[in-house]
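Visitor: Sequence plus predicted model, see below.
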Amino acid sequence: MASARKDNGLLMASLVSRFFKLGSQNMAIDLGTANTLVYVQDRGIVLNEPSVVAIETLNGVKKVKAVGDDAKMMMGKTPDNIEAIRPLRDGVIADIEIAEEMIKHFIRKVHGKKNLFRYPEIVICVPSGSTSVERRAIRDAASNAGASQVYLILEPMAAAIGADMPVTEPVGSMVVDIGGGTTEVAVLSLRGLAYTTSVRVGGDKMDESIVSYVRRHHNLLIGDATAERIKKDYGIAVMPADGIGETIHIKGRDLVNGVPKEITISQANVAEALAEPIGAIVEGVRIALENTAPELAADIVDQGIVLTGGGALIQGLDDYLREETGLPVSVAEDPLSCVALGTGRAMEDPVYRGVLMSA
Ligand SMILES: Nc1ncnc2c1ncn2[C@@H]1O[C@H](COP(=O)(O)OP(=O)(O)OP(=O)(O)O)[C@@H](O)[C@H]1O
Ligand SMILES: [Mg+2]
């Protein structure tokens, strides 16, 4: 089994180098629950937009109205005949047709009018815990969107490469990628994942926790976009030093009399609301550490834990994890871009070729 995999890897490396020499516009895609990023060979990240599609129904016929930034602006504000859809859930495709439309749209946007007949090879990331059916769906979506060849890479591996971690060396390191839908915790060594676990908690769950906190404590209904804004601007992993923190004004609809209303909460309230999802993330890290082989665990004591994904930007999360685990914790330089950067590097740099999987 192990040697078969090795042979496969060698075959893959030669195939990959042959394919990637041909095209000039090969792409790496981070197809995320919240954001999709496209990296073009030799150019870097050229597109970064929300994974949202707005579908309009006119006389029973469905049509794509907007994709990405334009579609996200419509979320929660659409009339009856328009629906803003997020085609991915928990890192995997929940709505195959819409996901394909979205990938097609982004590829077209990146390619422009030129190269219309020359479709690129695409490397696309998949969550480490995804099933073969879910991986096939992602591969098919990229193929149907025009890719001549599709390769897959595991998301935590891409995140680690993007965060400049020593994944090719015989040294254990731990990456925690906190995305919109999931948090992936992985221990890496020698281009492989030595241990991986995925928690279905990420930025979306944090937003939901803020919505339900405000509803429970203030009888005020707020939208997801408002909750996300509060999280990004005031989200904090621990109680503020003075026990209160900043003051936050929130607008929404009063559940008692149905009229729009503004209330005030404190940053400490946000910390309270986020305690549960953040606790689940810490628990995931703890489980991974408990299941890591001793030699690798010893390496992690030196290397520490690196946080990637948008959730890594929650204020104080690194300190909190440091306290809870007793290990060094750092936030990657550009946490929202790590997976796309790593997927792109794996496509370009022969040193990482072994991590690509043929789909
Ligand atoms: N400054 C910030 N503070 C807190 N959260 C943030 C910040 N910026 C972005 N986020 C959150 O990060 C999440 C998006 O992160 P990211 O783009 O890494 O996810 P994704 O890759 O699309 O999702 P997944 O990997 O689960 O499929 C969103 O929930 C967003 O609200
Ligand atoms: Mg991600």
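Guide: Noted; the coordinates are in hand. Residues are numbered from 1 along each chain as shown. Ligands and ions are numbered 1, 2, ... in the order given.
Visitor: Show me what from the chain comes close to ligand 2.
Guide: 32, 179, 339 (C-beta under 5 Å from the ion). (C-beta placed from N, C-alpha, C; glycine too.)
Visitor: so residue 75 touches residue 85, yeah?
Guide: No - no contact is recorded between residue 75 and residue 85 when judged using C-beta atoms under 8 Å, the distance being 9.4 Å.
Visitor: Quickly list what's touching both of those two.
Guide: residue 52 (C-beta atoms under 8 Å, 6 or more residues apart in numbering).
Visitor: which among the residues of the chain next to ligand 2 gets closest to residue 312?
Guide: Closest approach to residue 312 among these (C-beta to C-beta): residue 179, at 9.8 Å.
Visitor: From ligand 1, how far off is the closest one?
Guide: The gap separating residue 179 from ligand 1 is 2 Å, by C-beta to the nearest ligand atom, to the nearest Å.
Visitor: any idea how far the residue located most distally from the centre of the chain is from ligand 2?
Guide: In the chain, residue 257 marks the outermost C-alpha relative to the chain mean, sitting 38.4 Å out by C-alpha atoms, centre = their mean. Separation of residue 257 from ligand 2 (C-beta to the ion, to the nearest Å): 41 Å.
Visitor: And what about that residue, helix, strand or coil?
Guide: Assigned by DSSP: H, G, I helix; E, B strand; the rest coil, the conformation of residue 257 is coil.
Visitor: repeat for the one 4 residues further on
Guide: With three-state DSSP as the basis, the three-state label of residue 261 is strand.
Visitor: contacting residues for it?
Guide: So residue 261 contacts 220, 251, 252, 253, 254 (C-beta under 8 Å, 6+ apart).
Visitor: out of these, what pair is the most spread apart?
Guide: Within the contacts of residue 261, 251 and 254 form the most distant pair, 10.4 Å apart (C-beta to C-beta).
Visitor: higher neighbour count, the two?
Guide: residue 254 (15 against 12; other C-beta atoms under 10 Å).
Visitor: which residues does the more buried one contact?
Guide: So residue 254 contacts 219, 220, 221, 260, 261 (C-beta under 8 Å, 6+ apart).
Visitor: Quick one: which of those is the most crowded by neighbours?
Guide: Using other C-beta under 10 Å as the neighbour criterion, residue 220 leads the contacts of residue 254 with 21 neighbours.
Visitor: Would you enumerate the residues in contact with that residue?
Guide: 214, 250, 252, 253, 254, 255, 261, 263.
Visitor: same thing with residue 163?
Guide: Neighbours of residue 163 in contact, by C-beta under 8 Å, 6+ apart: 175, 306, 308, 332, 333, 338, 342.
Visitor: and those residues, which are buried?
Guide: 175, 306, 308, 332, 338, 342 (16 or more other C-beta atoms under 10 Å).
Visitor: which of these sit farthest apart?
Guide: Longest span within these, C-beta to C-beta: 306 and 342, 11.7 Å.
Visitor: What is the neighbour count of the closest residue to ligand 1 within the stretch 151-300 of the chain?
Guide: Using C-beta to the nearest ligand atom, the single residue of the stretch 151-300 of the chain nearest to ligand 1 is residue 203, 1.8 Å away. The number of residues packed around residue 203, counting by other C-beta under 10 Å, is 26.
Visitor: just to revisit the earlier point, kindly reformat the residues of the chain next to ligand 2 as JSON lines containing pLDDT, neighbour count and secondary structure.
Guide: Below are these laid out as JSON lines (pLDDT from 0 to 100; neighbours: other C-beta atoms under 10 Å; DSSP: H, G, I helix; E, B strand; the rest coil):
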{"residue": "32", "pLDDT": "96", "neighbour count": "26", "secondary structure": "coil"}
{"residue": "179", "pLDDT": "97", "neighbour count": "30", "secondary structure": "coil"}
{"residue": "339", "pLDDT": "98", "neighbour count": "33", "secondary structure": "helix"}
